[in-house]
Every structure is written in C-alpha cells, then in structure tokens.
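# Next input, structure requested:
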Amino acid sequence: MTGSVHIRQALPTDAGEIARVHVESVRAAYKGIYSDEHLKKLSADRMALNWLHEEKGHLIISEYAVFIAVINNKIIGFSDLGPTTSKSVAELYAIYLDPAYIGKGIGSSLFRKCVANAKQRGFQTMKLTVLSANSPARIFYEHMRGRALPETEIEINTGGTRAKVITYEWPDLSAVRTEGRTPDSRFS
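The predicted model follows:
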C-alpha cells in the first residue's frame, strides 16, 4: 500500500466511486453465497443512484453518516452509519473495502470513525446485520468486540438466493475504543 489513508465524510459527488467499491467488494465477499447471476447484474451506476435517492439515499439524508477511505485521491473503502427506530441505537449498515486493501487496518479505521460519530450523536448502542455465511466479516466484527446475537439469526431472500443473517451488537459504545489500531488488525 503506497500513500497514507485519509478518512473523511463522503459527499454526494463521491457516489460513483463509492458505488464502484461497493460492487467490487460485494462481488468478492459474496462469491459462492449470492448467485453468480446476481453478482454479474450488479451495477455501479444503479448503486450510485441509490446513494443519491431523495427518499433513501444515505449520501443526502442528514441522519446518515457515510465515511470514505481515500489513498492518493482514490476511494478504496466506505462505511455507512445511521439511526434505528430506537433513539439510543445506531445501525452500522456497511463497511466495504476494495478487495486489494483488506487486511491493512482500513476497515478498523472506518469502524472507529463510525463509533466516534455514533457517540458524538448521543447513541449508546450500535448494531449491524451481516450474512451468517460471510465468515471474514463475522471474524472482523467479533474482533472489533461485537457480540453476535444468535437469537436474531433468520433466513432472508437476498442476492438471488436464500441466506441467513445475524445481528451483532455493541451494547455500550462508551466502552468501544475509537483511537489507535486494534490489537490485531489482520481482519480489517
């Protein structure tokens, strides 16, 4: 990895590059989980439009915080945080990285940025839902001290197939570190 990583809040003008990373990372992470047909149909152009949609676009709705990781003016990862139906609980919707940058601490940096933002906004707890079969993501979230809630594991239709998802929770954000590297950053 050449150059230093800069994490900043995403702008609407970043939608196309965020969508590119999103498509590349989904294709890599969900190969063998989602159908090949579904993965081939993913479109960065359509995803970019979703990020900017006036009713659901996380890049333009103020309740959401999207952060990007940039190296040499290239977006190589992003995270997405927002509210839930509970005032005290934030939801981490995504952390995705360009596959070439996995294992370099960037995912951990994006995670910590989301935790810091959630704390700043008064959230006390954070949760996320992940595909049960996505072992690398589950290892990462467990490494980040997330607690899997087995009672939340359900089967859904996603990615052209039926798959199980499970919720992870950080019940006390005040106890989650937001600075420095994690003890072992192999998984981020």
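# Every contact and neighbour count from this point should use C-alpha atoms.
Noted.
# and residue 37, backbone torsions?
phi -60, psi -50 (degrees, to the nearest 10).
# so what's it closest to, chain neighbours aside?
Closest residue in space to residue 37, ignoring its immediate chain neighbours: residue 160 at 7.7 Å, by C-alpha to C-alpha, 6 or more residues apart in numbering.
# Around residue 4, count how many other residues there are.
10 (other C-alpha atoms under 10 Å).
# ugh, typo on my part, it should be residue 58
22.
# now swap in residue 133 and tell me
Other residues close to residue 133 by other C-alpha under 10 Å number 15.
# do residue 157 as well
9.
# what's the helix or strand hosting it packed up against?
According to DSSP states H and E, residue 157 maps onto strand 147-158. With contacts taken as 3 or more C-alpha pairs under 8 Å, 6 or more residues apart in numbering; DSSP states H and E, strand 147-158 sits against strand 161-170.
# and the strand it packs on, what other elements does it pack with?
So strand 161-170, by 3+ C-alpha pairs under 8 Å, 6+ apart, packs with strand 125-131, strand 147-158.
# taking those together, which one is wrapped up most tightly?
The highest mean neighbour count among the helices and strands packed on strand 161-170, using mean count of other C-alpha atoms under 10 Å, belongs to strand 125-131: a mean of 20.
# in the protein, what secondary structure element scores lowest on mean pLDDT?
strand 147-158 (a mean of 89; mean pLDDT, DSSP states H and E).
# can you list the helices and strands packed on strand 161-170 in CSV and add distance to residue 107?
Below are the helices and strands packed on strand 161-170 laid out as CSV (distance: least, C-alpha to C-alpha, whole Å):
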stretch, distance to residue 107
strand 125-131, 15
strand 147-158, 18
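# Good, wrapping up.
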